[in-house]
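**Student:** Quick one, fold the following:
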Amino acid sequence: MKIIVNTKEVQTAFKNLLKVAPKNPSLKILDSIKIEVVKENVFLTSTDVSLTVCVKLKDFEILEPGSAILPRETVKLISKLTDYQMCITEESIVSGKRKVNYESLDVSAYPRKPNHTYNREAFKLNNTNIKNLLDVTYACSTSEATPVLQGVLIRGNNVVSTDRHRMALNTIEVNNYPEDMVIPAYAINLIPTFTDKAYKDYFVFTVDKEGRYMQVLFDNIEMEVRLMEGTYPNIDRIIPQKFTTEIKLNKTEFIEELKIMKDVVTSKTKLVKLNIINGKVSLFGEAEKNSLVTELDTTITGKDIAINANLEYILDAVQKADSPEVVLKLTGAVSPFMVNNTALVLPYRTAS
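**Tutor:** So this is what the prediction gives:
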């Protein structure tokens, strides 16, 4: 193999692909990137087996076909090269006056690219709908106890994530896939990493014929990810059917007060109390030696309520709001409350 490539393009691709390659894999070769000349194209590939990302280069010249496996250490060294072009072979990378000699790993030992038949287009997302998908990943679980909760559920036009303490809700315009699917959150969060800011076209999501893998195509990127298996919680049972109290808050001011309160509340639960009493709303938090009460400017309709919840969960939900106003809908001290119709926060039961 011998190719001449654009240094900046390759450096950017390598940097992003290293986020896919596991740092301490059981199979050492996974901690590397594959370069392959296929027909008249050059592909850079990284995989952790469950997720494979392939970048098709845009600026290159093929002098000799072939392939090579670049170890992580070599990839990192390439980031130091500064000439606008580099020449890559199975043994070296030359850029201007600098030459990096390396030992390519065994190409035959690298996992083969998945050979799935993607014959069911689920949906196409524009930039707005991709944001709707990304905006719910914050509520995915990070625990290994229930793996399916580490993903985003797509059911019809609804997009949902939960870690059992909170839930994020959103929608997409069109979904032609009739079954539920759960996409790993870490794969969704990688999409912006590989997206050029100038890219305005669609992101195309298709499912293989067995319904186990999803392919995402956008720009010069091909991403293949294994869908998550398991029974997702019955989300309809968690969402209250009606609310008795509604409060409207200025988003900027509410975020500012929550962040100040965050410095006060140092407990593991990050517990704060929201008091809605006699037409006024106050936020209360305490630690071992300090407490803070803040009265909030708001519009209130409905009954008085006092509710305890995790401060960081409220903050995460409020920061995702697109409007300058935040609307909280509540139905009781022990029932989940809604934030701008896009998030549910489950309250804490306390003795007081």
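**Student:** longest helix of the protein?
**Tutor:** helix 251-264 (DSSP state H).
**Student:** Now do the strands for the stretch 101-250 of the chain: every range, in order, please.
**Tutor:** 118-125, 151-155, 158-162, 166-171, 181-184, 203-208, 213-218, 221-226, 245-250 (DSSP state E, counting those that start in this stretch).
**Student:** Tell me which strands the shortest one pairs with, and in which orientation.
**Tutor:** Okay, so that is strand 181-184. Strand pairing for strand 181-184, determined by DSSP bridges: strand 151-155 (antiparallel).
**Student:** And for the longest one?
**Tutor:** Strand 118-125 has the following strand partners under DSSP bridges: strand 203-208 (antiparallel).
**Student:** Using PDB, list the CA coordinates for the strand it pairs with.
**Tutor:** Extracted in PDB, the C-alpha atoms of strand 203-208 (Å, rounded to 0.1, in the frame of the first residue of the first chain):
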ATOM      1  CA  PHE A 203     -28.600  11.200   8.500                       C
ATOM      2  CA  VAL A 204     -30.000   7.900   7.200                       C
ATOM      3  CA  PHE A 205     -30.800   5.100   9.700                       C
ATOM      4  CA  THR A 206     -31.400   1.600   8.400                       C
ATOM      5  CA  VAL A 207     -31.900  -1.800  10.200                       C
ATOM      6  CA  ASP A 208     -30.600  -5.200   9.100                       C
END
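**Student:** buried set for that strand?
**Tutor:** Within strand 203-208, the residues scored as buried using 16 or more other CB atoms under 10 Å are 203, 205-208. (Glycine included, C-beta is placed from N, CA and C.)
**Student:** pLDDT score assigned to Thr350?
**Tutor:** Listed pLDDT for Thr350 reads 65.
**Student:** circling back: angle of whichever helix or strand comes after the longest helix of the chain against helix 251-264?
**Tutor:** Toward the C-terminus, helix 251-264 is succeeded by strand 271-277 as the next helix or strand (DSSP states H and E). Here strand 271-277 runs at an angle of 130 degrees relative to helix 251-264 (axes from the mean of the first three to the mean of the last three CA atoms, to 10 degrees).
**Student:** Counting by contacts, list what strand 271-277 packs against.
**Tutor:** strand 280-286, strand 305-310, helix 311-319 (3 or more CB pairs under 8 Å, 6 or more residues apart in numbering; DSSP states H and E).
**Student:** Run me through the strand neighbours of that strand, direction for each.
**Tutor:** Paired with strand 271-277 in the same sheet, following DSSP bridges, are strand 280-286 (antiparallel), strand 305-310 (antiparallel).
**Student:** Taking strand 245-250 as reference, get the angle to the first one.
**Tutor:** Right, the one you point to is strand 280-286. 80 degrees.
**Student:** Between helix 311-319 and strand 280-286, find me the angle.
**Tutor:** For strand 280-286 against helix 311-319, the angle by the same axes, to 10 degrees is 140 degrees.
**Student:** Just the buried residues of strand 280-286, please?
**Tutor:** Buried residues in strand 280-286 (16+ other CB under 10 Å): 281, 283-286.
**Student:** Run through the residues that contact the closest residue to Glu36 other than its chain neighbours.
**Tutor:** Setting aside the residues directly before and after it, Glu36 is nearest to Ser67 in space (CB to CB, 6 or more residues apart in numbering), at 4.1 Å. Taking CB atoms under 8 Å, 6 or more residues apart in numbering, we find Ser67 in contact with 1, 34-37, 90, 107.
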